[in-house]
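3D, please:
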Amino acid sequence: MATEDENRWSWFCHETNISSEAGDDGAYMSECTVNFAAFLLHLLFVIIACLVLIWRRWWCVFREVTSPYLIKWPGHNTRWVLSFILVVLAFASLGEGILTEMARKEPSPQLQFYLPACLLLIATIISMLYYQLAENWKSPGLLWLLLAYWFFCFVINVVRITHLLQENVAGIDAAVLWIAVLMLVSYILLLVLEVHLVALEFQICRIRGKQYDILSRESNNDDMWYTENCVSFPYCITFWWMNWVFKLGFQRPLEITDLGSLPKNHRAEHLYEIFKVDFQKELEYKTSIGKSPSVWKVFLRVFKGEIFWAGIIRLIYDLTCLVGPLALNGVVAYAIAYGDEVREPFLNSLIYLLF
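Predicted coordinates for the structure are as follows:
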């Protein structure tokens, strides 16, 4: 029976000394089974998602578009941030698998170490494209596929983490374990977002009998070209929506009429009214207790969201400044520890630096 199992997985998990070192062939085959299940799940999602998008784009008759601007769904920015985190984790898993494969010193490749990570990377990118198109087409019904995909990813990661801990395949300080834990957290958050959107879409569809715009942003001005509020998160953080300004400014000097009108929430008058209302409440409260109003408190209350996220972005930037020195330290430590014992140490160090 053991020989039949080994032959069955020979193309994905070649014979190795890992199981013999661990003294548990069953644990090794279980690890191979989990990795193959993950590989198969990502592959099926890529195929099905591509087929659904092709069908929706070319053969589906009903494709309602009620606004020239993107109508963002709840959790739009959070979803994109989690997707970018998954891309980073996929790269980290791929790098960890390649290093594990190169450290084995065996001629037969172990596809289970890096092939599931490759498919995970592709599937995550496809999921980002899938969500972007579903949002553009205002088709929340397409989210059912993402809901199923995140659920099965969650199940497989729970099984993987349980296997890593119970079979002593990886210790608490192993990179593969922490990558799996971070992926599990990301899948849970994405699953919550999908459940919320699907439940909301079902509720409104039951009332109105058709799909709807979860969030409405209307613009009646023909010169409303400042579309930051109505573009996706990647377009917003890269200022891609301002390409028309850059191209026009490259051709000739810009004039004030070229910029068009601003949305209400970006106008100084709108911000002043919000600040004025909160300051009036602060003034009345402080006067009633015989104290002077605090402008700083009003400022923090009115712009607490912007200040918080600006601080988070600044903290992330400061932390990323430590990546270079720490990565270089890891490369040097890796080369010193293994030296001539590993194959192609320079390539190993380079992969470590990249991932």
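
what stretches of the stretch 151-300 of the chain score poorly on pLDDT?
By pLDDT under 70, the low-scoring segments of the stretch 151-300 of the chain are 167-173, 201-222.

how about the helices in it?
Listed in chain order, the helices of the stretch 151-300 of the chain (DSSP state H, counting those that start in this stretch) span residues 175-208, 233-237, 243-251, 268-288, 295-302.

just so I know, which of those lies nearest Ser83?
helix 175-208 (8.0 Å; Cβ to Cβ). (Glycine included, C-beta is placed from N, CA and C.)

does the residue nearest to the spatial centre of the chain count as helix, strand or coil?
By Cα atoms, centre = their mean, the chain has its centre lying nearest to Ser83, at 1.1 Å. Three-state assignment for Ser83 (DSSP: H, G, I helix; E, B strand; the rest coil): helix.

What score does it have for pLDDT?
We have a pLDDT of 94 for Ser83.

Verify the stated contact: it with Thr124.
Yes. Applying Cβ atoms under 8 Å as the test, Ser83 and Thr124 come out as touching, 6.3 Å apart.

Need the overlap of contacts for these two.
Common neighbours of Ser83 and Thr124, using Cβ atoms under 8 Å, 6 or more residues apart in numbering, do not exist here.

quick one: contacts for the closest residue to Leu283 other than its chain neighbours?
In space, Leu283 comes closest to Pro293 once its chain neighbours are excluded; the distance is 4.7 Å by Cβ to Cβ, 6 or more residues apart in numbering. With contacts defined as Cβ under 8 Å, 6+ apart, Pro293 is in contact with Phe279, Glu282, Leu283, Tyr285, Lys286, Thr287.

Drop anything exposed from those residues.
Phe279, Glu282 (16 or more other Cβ atoms under 10 Å).

give the contact list for Tyr226.
Here Tyr226 is in contact with Leu259, Gly260, Ser261, Leu262, Pro263, His266 (Cβ under 8 Å, 6+ apart).

OK, contacts around the fifth one?
I take that to be Pro263. Each residue near Pro263 by Cβ under 8 Å, 6+ apart is listed here: Ser219, Met224, Tyr226, Glu228, Asn229.

I figured Pro140 hits Tyr131, correct?
No. Assessed by Cβ under 8 Å, Pro140 is found out of contact with Tyr131, at 10.5 Å.
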